[in-house]
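1. My questions concern the predicted model and sequence given below.
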Amino acid sequence: MKQKRPRIGKLEKSVYKTIMNYSMAITGTIGIMALFIAMPGIAIPINLIFKELNHRKVYDIDDRRKIYPNDLKRIFEKMKKQRLIKIIETNEGTKIILKKDGVKKIIINNIDEPKIQLQKEWDKIWRVVIFDIPEKFKRERDNFVKKIKELNFYPLQKSVFVFPYPTNDLIDFLSEIYQISPYIRIIETSKIEGDDEIFNHFGLNKYSQTINRILPIVRDSVLLVVYILYFFI
């Protein structure tokens, strides 16, 4: 039976993940901003990427599917055509060198929801991301909107998105990556009119704050009544 080859889209994402992990390992960087600065110019052996992908333990590729060198060749040729990488021949074999736009794409494709550090408890503050990005940056704007939608931001309006947890660092990073920082603002507010749908979107209890405030009052009132009944009746 002929083995199926993995879809390029899925494999491409795993290639990005391998490149990012390798870059973090050899540069010793942890933060995304530091990695963004360190990654351009790094020469990465293609055979190392091929070896890591076939290891399969940390990648979302079906074990029954074999990865062929030509699969990676197509991905790297595509990246070269998009001016994301350079391909060089060395005494140690073929290597790719990341360009700045390649670094952006790799990091953007490795930002996902679990990397947002959510608080254990919501602090009752909405983070409202507002932007007015000129039409000449349409591609950057579309990519920015696509990414924050993937991260589950709630679209209040076309250019207004809401999130319940602190995301300033993430928004700052994305706006820097897409070079649209001057056109984005973050507002913090404790109330948004007609917020029922927003609460439902994030699975939050709209009345928990009121309940938490009232419960101690009710408890103290009950204790006072018990105290009066016990000592004066």
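-> Everything's here; your move. For clarity, every value in this text was computed on a predicted model and none was experimentally measured.
2. Between its first and last residues, how far does stretch 87-96 reach?
-> The first residue of stretch 87-96 is 5 Å away from its last residue (C-alpha to C-alpha, to the nearest Å).
3. Any regions of this structure where pLDDT drops low?
-> 1-8, 29-36, 55-66, 111-120, 207-233 (pLDDT under 70).
4. Could you chop it up by domain?
-> 8-108, 113-202 (automatic domain parsing).
5. Any chance of CSV for those domains, columns mean neighbour count?
-> Yep, even glycine has a C-beta here, placed from its N, CA and C like the rest. Below are those laid out as CSV (neighbours: other C-beta atoms under 10 Å):
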stretch, mean neighbour count
domain 8-108, 15
domain 113-202, 14
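6. Please, where are all the strands along the chain?
-> In the chain, the segments counted as strands under DSSP state E are 43-45, 85-90, 93-98, 126-131, 154-157, 160-163, 184-189.
7. do you know which of the ones you listed lies nearest Leu174?
-> strand 184-189 (8.5 Å; C-beta to C-beta).
8. Can you name the residues in contact with that closest one?
-> 125-131, 133, 167-168, 171, 175 (C-beta atoms under 8 Å, 6 or more residues apart in numbering).
9. could the strands of the chain go into JSON lines alongside distance to Leu11?
-> Output for these, formatted as JSON lines (distance: least, C-beta to C-beta, whole Å):
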{"stretch": "strand 43-45", "distance to Leu11": "16"}
{"stretch": "strand 85-90", "distance to Leu11": "16"}
{"stretch": "strand 93-98", "distance to Leu11": "15"}
{"stretch": "strand 126-131", "distance to Leu11": "32"}
{"stretch": "strand 154-157", "distance to Leu11": "31"}
{"stretch": "strand 160-163", "distance to Leu11": "31"}
{"stretch": "strand 184-189", "distance to Leu11": "33"}
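10. so which of those comes closest to Asn21?
-> Using C-beta to C-beta, the nearest of these to Asn21 is strand 43-45, at 10.6 Å.
11. Output the contacting helices and strands for that closest one.
-> In this structure, strand 43-45 packs against helix 8-27, strand 93-98, with contacts taken as 3 or more C-beta pairs under 8 Å, 6 or more residues apart in numbering; DSSP states H and E.
12. TSV please, covering these and showing distance to Pro182.
-> Listed next are those as TSV, based on distance: least, C-beta to C-beta, whole Å:
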stretch	distance to Pro182
helix 8-27	28
strand 93-98	27
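13. Surely Leu72 touches Lys51?
-> No: counting by C-beta atoms under 8 Å, Leu72 sits too far from Lys51 to count as a contact (11.0 Å).
14. for the chain, what spans make up the helices?
-> Along the chain, counting by DSSP state H, helices occupy 8-27, 32-38, 46-55, 69-81, 100-108, 138-150, 168-177, 196-202, 208-232.
15. Format the ones you listed as TSV; extra columns: distance to Glu89.
-> Listed next are these as TSV, based on distance: least, C-beta to C-beta, whole Å:
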stretch	distance to Glu89
helix 8-27	19
helix 32-38	24
helix 46-55	10
helix 69-81	13
helix 100-108	19
helix 138-150	33
helix 168-177	31
helix 196-202	51
helix 208-232	61
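16. quick one: which of these is nearest Glu121?
-> Here helix 208-232 is closest among the helices of the chain (C-beta to C-beta), at 9.3 Å.
17. Show me which of the contacts of strand 184-189 is closest to Asn47.
-> Checking those one by one against Asn47 (C-beta to C-beta), the nearest turns out to be Ser175, at 36.7 Å.
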